[in-house]
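Student: Got a predicted structure plus its sequence, pasted below:
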Amino acid sequence: MRKLCMVFVLLLSLALILTSGCTEGPEASASLDKPIVAVSILPQAEFVEKIAGDNVKVLVMVPAGADPHTYEITSGQLRDLSRAQMYVKVGSGLDFERVWMDRLIAQNPDMLIVDSSNGVTFRTMEAHSHDDEEYAEEHDSEGSYEEHGAEEHNESLTKDPHIWTSPKQAKIMVNNTYAGLVEIDPDNQELYMQNRDAYLAELDAVDATIRETLAGKEGSSFIVYHPSWGYFAETYGLNEIAVEIEGKEPSAKDMQSLIDTAKEKDVRVIFVQPGFSTTSTKAIAAEINAEVVSIDPLAKDYIDNLAKVTAAFEKGLA
């Protein structure tokens, strides 16, 4: 009797395993059949999903809460990337891509590389001189200086990589993303075109709303710890003043200069973003009686996030 029970249990277990395999097999196969599209940052994931819907699987290399200036990819991400059909890079000199892009391509040489910045007019940030030997010594352990060269580094100091923060530039990124999706999945070109056009209309609508909301604020200045909002500011006639200088906390002299500038320009709000220090911004805010407000340039829900950001600017700008 005991042996019969054991046989029954074994047969039952085997049946469950076989049944489970039959149930999950097609779903897993369907998932694997979807083209994998890799992107660098979360806002790009929305761009891809708005165009392709459920027809592709999106792989985001810099996950939520991570800093694209310092993030290091995992072995699991590299494994997933090896199956990707396409990589959409920001293409604007983002630190993550400057350091990792060559290695990502080497991981999967057959994937299509799409530069979403093609056609973007880049703005420049305030550049500060570096002693090249000192910079090389500081960054040699990361391999970024030797790999990319002093000339490219100096260029990257002046080019603002945060192109996605303006709907005007985001539309260019969306069009470039669409072209790549059609190249890897031409059978769905008509659907992708319809979805792209609908999303571009959404971006036009949010742009119109921002302009209406911020009407009369042109020329106003705001302070931000990390200079992520330069394209947004340029599009809507605002003036961004950054606390952080090339990834470093400001000196005492820089702090006093910022305080003097803030008073002169009647700055009422200082913006910070998740993951960055608030020590300097709080000190400046206390000196000028300004409010410290958190806004996230890397949120995935791009259009909804722009609405929240615009509301923060409307409240905080003079």
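Tutor: On my side now, so go ahead. Numbers count the residues shown, from 1 in each chain.
Student: CA atoms for contacts and neighbours, from now on please.
Tutor: Fine.
Student: what's the span of stretch 55-71, first residue to last?
Tutor: 28 Å (C-alpha to C-alpha, to the nearest Å).
Student: let me fix that: stretch 205-224
Tutor: 26 Å.
Student: From the rest of the structure, what touches that stretch?
Tutor: With contact meaning C-alpha atoms under 8 Å, 6 or more residues apart in numbering, stretch 205-224 is reached by 167-168, 236-243, 262, 265-272, 303, 306-307, 310-311, 313-314, 317-318.
Student: if we go to 6 Å?
Tutor: 237-242, 267, 270-272, 314 (C-alpha atoms under 6 Å, 6 or more residues apart in numbering).
Student: Let's see which of these end up in strands.
Tutor: The strands, defined by DSSP state E, take in 239-242, 270-272 from the contacts of stretch 205-224.
Student: And those residues, which of them are buried?
Tutor: 239-242, 270-272 (16 or more other C-alpha atoms under 10 Å).
Student: What is the nearest of the residues you listed to residue 283?
Tutor: residue 270 (10.7 Å; C-alpha to C-alpha).
Student: That closest one: what's it in contact with?
Tutor: 223-224, 292.
Student: Pull out the buried positions in stretch 96-108.
Tutor: 96-99, 101, 104-105, 107-108.
Student: Please identify which of the residues you listed is nearest to residue 198.
Tutor: residue 97 (29.3 Å).
Student: Which strands or helices does the helix or strand hosting that closest one pack on?
Tutor: Per DSSP states H and E, residue 97 falls inside helix 95-107. For helix 95-107, there is no helix or strand it packs on, judged by 3 or more C-alpha pairs under 6 Å, 6 or more residues apart in numbering; DSSP states H and E.
Student: Let me see the mean pLDDT of that helix.
Tutor: For helix 95-107, the mean pLDDT works out to 96.
Student: same thing with stretch 37-49?
Tutor: Mean predicted confidence for stretch 37-49 is 98.
Student: Please tabulate the buried ones among the ones in strands among the contacts of stretch 205-224 in TSV, including the columns pLDDT and distance to residue 87.
Tutor: TSV is the format used below for those (pLDDT from 0 to 100; distance: C-alpha to C-alpha, whole Å):
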residue	pLDDT	distance to residue 87
239	94	33
240	94	31
241	93	33
242	91	31
270	92	35
271	93	31
272	92	30
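Student: all helices of the chain, in order?
Tutor: 2-33, 42-52, 75-81, 95-107, 132-139, 144-158, 167-184, 189-213, 230-235, 252-264, 279-288, 302-316 (DSSP state H).
Student: Show me which positions of the shortest one end up buried.
Tutor: Taking 16+ other C-alpha under 10 Å as the basis for neighbour counts, the residues of helix 230-235 that come out buried are 230-233.
Student: Closest to residue 115 out of those residues?
Tutor: residue 231 (18.1 Å).
Student: For the closest residue to the closest one other than its chain neighbours, give its distance to residue 210.
Tutor: Distances taken as C-alpha to C-alpha, 6 or more residues apart in numbering place residue 166 nearest to residue 231, at 5.4 Å, with adjacent residues excluded. Note on residue 166: its distance to residue 210, by C-alpha to C-alpha, is 10 Å.
Student: shared neighbours of these two, which are they?
Tutor: By C-alpha under 6 Å, 6+ apart, no residue touches both residue 166 and residue 210.
Student: Export stretch 277-292 to CSV, keeping only CA atoms.
Tutor: Extracted as CSV, the C-alpha positions of stretch 277-292 are listed here (Å, rounded to 0.1, in the frame of the first residue of the first chain):
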residue,chain,number,x,y,z
SER,A,277,22.7,65.7,-2.9
THR,A,278,20.5,68.4,-1.4
THR,A,279,23.1,69.8,1.0
SER,A,280,24.2,72.8,-1.2
THR,A,281,20.7,73.5,-2.5
LYS,A,282,19.2,73.6,1.0
ALA,A,283,22.0,76.0,2.1
ILE,A,284,21.3,78.3,-0.8
ALA,A,285,17.6,78.1,-0.3
ALA,A,286,18.0,79.1,3.3
GLU,A,287,20.0,82.2,2.3
ILE,A,288,17.6,83.4,-0.3
ASN,A,289,14.3,82.2,1.3
ALA,A,290,13.6,79.9,-1.7
GLU,A,291,11.7,76.6,-1.8
VAL,A,292,13.4,73.3,-2.7
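Student: In it, which residues are buried?
Tutor: Quick answer for stretch 277-292 (16+ other C-alpha under 10 Å): 278, 280-282, 284-285, 288, 290-292.
Student: got it, and stretch 181-191?
Tutor: 181-182, 184-185, 189.
Student: Same question for stretch 248-257.
Tutor: 250, 255.
Student: what does stretch 300-318 give?
Tutor: 300, 302-303, 305-307, 309-310, 312-313, 316-318.
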